[in-house]
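S.K.: Just a sequence and a predicted model for now, questions to come.
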Amino acid sequence: MPGLIAFRRRWGIGSDDFVFPALLELFLRLVWITAISIVYSVHSDAIFECKDGRLLKAYYIGVLVLLSVTALLCASIVYVSMQGTIMITSPRKKLSKLLYLKIIITLPEIVWNILGTYWSFLQSSNCQEFVVRTVQGAVITGWVLGVIVMIGIAIVFDPLGKVHKKHDSSCSDLQSDEKSQILEGAMTAAKQAWEKRCRLLCCCILGDEQSKDAFDEISNLLADFFQDLDLVPTDIAAGLILVQKDQDKISAGCGRSYNTFTELSTSVKQPVSSPSDVPLGPANWMTSKNMHHYMNYAVGSYGWPMFMFSHLATGLCRLCGACRCQVCFTGGEVIDDNCCQCHTAAIRRQTRISDTDLVYVSFHNKIYQIPFYVAIDRGQQTVVVSVRGTLSLKDAVTDMSAESDALEMVENAVGHRGILQAAKYIKDQLLGRGILEAAFQQAQGAGLVICGHSLGAGAAALLALLLKSEYPDVRCFAYSPPGGLMSYNASVFCRDFVCSVILGKDFIPRLGLVSMEDLKAKTLQCIANSKTPKYRILMRGIWQLFCSCKDETLITENDKSILVDNEESNHSQQTLQNAIQNTIHAREQYKITHTPLYPPGQILHIQEVDTDRGCFEDPAYFAEWKDPKDFTEILVCPEMISDHFPDKVLKSLELLSAKNFTPHSRNPGPIDDTKV
């Protein structure tokens with residue numbers, strides 16, 4: 001940070017991001033030099049015996065010279081890029097000149113590669129095979145490296161590069177009115193750029209009015225979030241690693257520890273803002289066995305991709321035996337499955353129900369229209385509606401339509417716009433097509449259970465809320481639901497019929513507009529305070545990610561400088577401090593202009609017990625009931641993503657269910673492990 005300025009524009013890469021790419025290229029160049037040098041020195045006679053041997057000798061010498069010069073340049077780039085810190089960029093000011101020089105050297109390399117290609121593939125008939133293969137390998141390697149470089153340039157190209165450059169160079173000398181005009185123009189350009197990116201990623205989505213509105217809303221959200229922020233992706237990664245260190249330090253100071261499977265000890269008590277915030281006791285059907293049972297239905301909604309992922313060794317064989325053609329299938333209507341009905345086969349395998357108990361299956365997928373299926377659970381005497389989570393770019397667009405719409409079922413309540421639209425779509429399908437009516441005709445006296453994971457959990461909770469008037473006894477299991485789903489009063493209203501399950505440090509239930517701005521402010525502050533080179537921060541993060549090692553001291557001797565305030569005052573630091581203040585202001589504004597949104601209903605929080613275990617041993621889990629307001633901060637760690645995976649949630653519930661685990665409650669009462 002800031003982004004590299006070259007060729008009169010800003011690029012999406014920092015001057016300290018060339019350490020690892022240049023090291024990799026240096027390694028490849030040295031291997032290349034070694035191989036060609038050995039061939040040239042050991043087999044020089046064979047080279048001269050070739051037709052146009054002198055030309056071939058000149059090619060070898062030229063390649064060795066160019067490779068040596070390029071390797072020297074790569075070493076220089078590595079050294080310069082390692083200097084300074086994320087914010088202190090002055091020691092790296094010569095990097096752009098080195099890059100210009102490398103581009104100049106690239107031109108004769110291209111000419112030499114063309115010459116080698118021509119000789120090795122068209123004029124080498126009289127030469128020994130190993131000589132020809134050596135030259136062919138050299139030119140192929142050269143072209144492959146060229147293609148990789150071109151792809152890299154395309155990735156780091158910033159379409160707003162000229163706008164950023166103009167903004168950085170001119171705003172400091174302008175009056176306030178002129179500044180506002182430039183900022184407004186930059187903001188408009190940013191929105192247009194984000195909209196183009198969204199349309200490019202979702203090019204297969206039809207351009208109807210609903211899609212256009214969704215893209216416009218998402219582009220505005222992303223442009224607002226990244227406005228006045230001169231960050232490159234590796235800056236964000238380094239900042240998140242520093243935030244994790246900071247959070248680990250605070251967590252260690254709190255002294256939380258899980259002593260047993262049934263007791264929770266902590267030195268910090270959660271504040272309760274008002275009597276209404278005290279969670280109601282969970283209903284008697286909210287048990288670990290029922291949660292595990294219906295999680296299988298939620299996992300089944302993902303179809304064959306999740307089944308194959310969960311059963312890597314045996315998934316294909318197990319699915320092949322369950323696949324049916326549409327003529328052979330004896331169940332209900334199936335929409336938009338493939339010819340072998342692999343998705344439907346995965347549902348049957350995961351839930352272990354028969355064809356006839358699948359009443360309706362739909363894998364129809366558009367923006368605000370997500371797949372779901374309806375099944376009859378004979379053992380539990382329930383009709384189950386399972387809603388699929390995010391599995392396509394269309395689902396991601398639904399997720400990111402994060403503005404709020406009114407929930408008419410609860411007074412003064414609001415909910416996530418995109419997920420609410422998806423829930424209304426499913427309700428219209430269930431009632432308009434008579435799907436639920438047909439299901440209850442086959443299962444007289446059965447109860448209604450709605451379940452889902454991730455996006456499907458949010459849609460399931462809102463669907464249960466929408467169907468509450470028609471089906472007063474409806475129950476919902478929401479696994480890893482989105483955090484920005486519904487206002488607090490709506491979440492409290494759902495406590496007697498919605499049970500949410502959150503595993504560990506899953507970031508999705510903590511994700512919201514306010515929590516994102518809060519994480520952004522923390523990340524920027526850690527970057528501003530850092531006095532450690534970025535490559536060292538990234539190396540430490542990668543080491544911890546792959547080695548799963550825990551730092552007992554939390555901050556090593558080298559890390560102590562990371563959290564010390566930086567006294568250097570330069571233009572980049574001033575810009576960053578302004579961005580931090582703007583982020584804090586935006587966070588406070590969101591609290592005023594946007595109603596805070598939370599996960600739904602009763603929330604069971606499952607956490608892994610911190611015990612020493614072998615690599616192949618199952619983890620031990622602890623669970624307790626939590627309030628929605630406990631999930632307002634995004635916790636940065638490798639598990640923040642893996643804890644969201646449905647197979648991991650299913651495994652944790654399986655282990656709790658096997659032990660007949662009774663969750664800890666703030667307002668404990670007798671919990672009867674009865675069937676739904």
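M.R.: All right, it came through fine.

S.K.: so how many other residues sit close to residue 244?
M.R.: Look at residue 244: counted by other C-beta atoms under 10 Å, it has 18 neighbours. C-beta here means a position set from N, CA and C on the backbone, and glycine is covered the same way.

S.K.: which residue packs closest to it, ignoring adjacent ones?
M.R.: Nearest in space to residue 244, with sequence neighbours left out and distances taken as C-beta to C-beta, 6 or more residues apart in numbering, is residue 636 at 4.2 Å.

S.K.: Please report how far the one you found lies from residue 492.
M.R.: Counting by C-beta to C-beta, to the nearest Å, the gap from residue 636 to residue 492 is 29 Å.

S.K.: With residue 583 instead?
M.R.: Going from residue 583 to residue 492 by C-beta to C-beta gives 30 Å.

S.K.: Look at those two and report which has more neighbours.
M.R.: Ranked by neighbour count (other C-beta under 10 Å), residue 583 and residue 492 place residue 583 first, with 24 against 21.

S.K.: that older thread, look at the residue nearest to residue 244 and give its secondary structure.
M.R.: Here residue 636 is coil, with the state taken from DSSP: H, G, I helix; E, B strand; the rest coil.

S.K.: same thing with residue 538?
M.R.: helix.

S.K.: can I assume it is in contact with residue 234?
M.R.: Yes. If you go by C-beta atoms under 8 Å, residue 538 and residue 234 touch, sitting 6.7 Å apart.

S.K.: Point out where the stretch 401-550 of the chain drops to low pLDDT.
M.R.: 546-550 (pLDDT under 70).

S.K.: Quick one: the strands in it, in order.
M.R.: 404-407, 413-416, 447-453, 475-479, 486-487, 498-503 (DSSP state E, counting those that start in this stretch).

S.K.: what do you get for the stretch 251-400 of the chain?
M.R.: Going by DSSP E, counting those that start in this stretch, the stretch 251-400 of the chain shows strands at 333-335, 358-362, 372-377, 382-387.

S.K.: So which other helices or strands are in contact with the shortest one?
M.R.: Identification of packing neighbours for strand 333-335 by 3 or more C-beta pairs under 8 Å, 6 or more residues apart in numbering; DSSP states H and E yields strand 358-362.

S.K.: average pLDDT across the strand it packs on?
M.R.: Strand 358-362 shows a mean pLDDT of 93.

S.K.: what angle do that strand and strand 372-377 make?
M.R.: With axes from the mean of the first three to the mean of the last three C-alpha atoms, to 10 degrees defining the directions, strand 358-362 sits at 170 degrees from strand 372-377.

S.K.: what are the pairing partners of strand 358-362, and which direction each?
M.R.: In the sheet, strand 358-362 lines up against strand 333-335 (parallel), strand 372-377 (antiparallel) (DSSP bridges).

S.K.: Burial-wise, tell me which of those strands comes out on top.
M.R.: Mean neighbours per residue, mean count of other C-beta atoms under 10 Å, is largest over these for strand 372-377, with a mean of 25.

S.K.: Including distance to residue 347, could the strands of the stretch 251-400 of the chain go into a markdown table?
M.R.: Converted to a markdown table, the strands of the stretch 251-400 of the chain look like this (distance: least, C-beta to C-beta, whole Å):
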| stretch | distance to residue 347 |
| --- | --- |
| strand 333-335 | 10 |
| strand 358-362 | 7 |
| strand 372-377 | 6 |
| strand 382-387 | 8 |
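
S.K.: Relative to residue 454, which of these is closest?
M.R.: For residue 454, the closest of the strands of the stretch 251-400 of the chain is strand 382-387, at 9.6 Å, according to C-beta to C-beta.

S.K.: What strands line up against that closest one, and which way round?
M.R.: strand 372-377 (antiparallel), strand 447-453 (parallel).

S.K.: Now render the ones you listed as CSV, adding distance to residue 622.
M.R.: Output for these, formatted as CSV (distance: least, C-beta to C-beta, whole Å):
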stretch, distance to residue 622
strand 372-377, 29
strand 447-453, 21
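
S.K.: Minimum distance to residue 26: which of the ones you listed has it?
M.R.: Per C-beta to C-beta, nearest to residue 26 of the strands paired with strand 382-387: strand 447-453, 45.4 Å.

S.K.: Distance from the closest one to the middle of the chain?
M.R.: 26 Å (C-alpha atoms, centre = their mean, to the nearest Å).

S.K.: rewinding a little: relative to residue 37, which of the strands of the stretch 251-400 of the chain is closest?
M.R.: strand 382-387 (62.9 Å).

S.K.: Could I get the buried residue list for the closest one?
M.R.: For strand 382-387, burial by neighbour count (16 or more other C-beta atoms under 10 Å) applies to 382-387.

S.K.: Of those, which is the nearest to residue 238?
M.R.: Closest to residue 238 out of those is residue 387 (37.3 Å), distances taken as C-beta to C-beta.

S.K.: Could you check how far the spatially closest residue to residue 238 that is not a sequence neighbour is from residue 19?
M.R.: Distance criterion C-beta to C-beta, 6+ apart; nearest residue to residue 238, sequence neighbours excluded, is residue 537 at 4.4 Å. Distance, residue 537 to residue 19, by C-beta to C-beta: 11 Å.

S.K.: Pick out whichever of those two has more residues nearby.
M.R.: residue 537 (25 against 20).

S.K.: ok, that one - contacts?
M.R.: Applying C-beta atoms under 8 Å, 6 or more residues apart in numbering to residue 537 gives the contacts 238, 241-242, 530, 562.

S.K.: Of the residues you listed, which is the most crowded?
M.R.: When neighbours are counted by other C-beta under 10 Å, residue 238 leads the contacts of residue 537 with 30 neighbours.

S.K.: Which of the three states applies to that one?
M.R.: Strictly by three-state DSSP, residue 238 counts as helix.

S.K.: Am I right that residue 625 sits in a helix?
M.R.: No. Counting by three-state DSSP, residue 625 is not part of a helix but strand.

S.K.: Go ahead and confirm it touches residue 602.
M.R.: Yes. Using C-beta under 8 Å, residue 625 makes contact with residue 602 at a distance of 6.4 Å.

S.K.: the more surrounded of those two?
M.R.: Applying other C-beta under 10 Å to residue 625 and residue 602 shows that residue 602 carries more neighbours, namely 27 against 20.

S.K.: what are the bridge partners for the more buried one, then?
M.R.: residue 499.

S.K.: so what's it up against?
M.R.: When contacts are counted by C-beta under 8 Å, 6+ apart, residue 602 is found next to 279-280, 282-283, 286, 495, 498-500, 625.

S.K.: One more: residue 117?
M.R.: By C-beta under 8 Å, 6+ apart, the residues touching residue 117 are 139, 143.

S.K.: name the element it belongs to?
M.R.: helix 95-122 (DSSP states H and E).

S.K.: Pull out the buried positions in that helix.
M.R.: Here helix 95-122 shows 95, 98-99, 102, 109, 112-113, 115-117, 119-120 as buried, counting by 16+ other C-beta under 10 Å.

S.K.: Closest one of these to residue 291?
M.R.: Minimum distance to residue 291 across the buried residues of helix 95-122 is 54.3 Å, recorded for residue 95 (C-beta to C-beta).

S.K.: ok, that closest one touching residue 18?
M.R.: Yes. Counting by C-beta under 8 Å, residue 95 touches residue 18, with 7.0 Å between them.

S.K.: Identify the contacts common to the two.
M.R.: Residues within reach of residue 95 and of residue 18 at once, by C-beta under 8 Å, 6+ apart, are 77, 81.

S.K.: shaky segments in the stretch 251-400 of the chain?
M.R.: 252-280, 321-322, 324-331.

S.K.: go on, the stretch 551-676 of the chain?
M.R.: For the stretch 551-676 of the chain, the ranges with pLDDT under 70 are 551-576, 610-616, 664-676.

S.K.: Sketch out the helices for it, chain order is fine.
M.R.: Using DSSP state H, counting those that start in this stretch, the helices of the stretch 551-676 of the chain run over residues 571-593, 639-642, 646-658.
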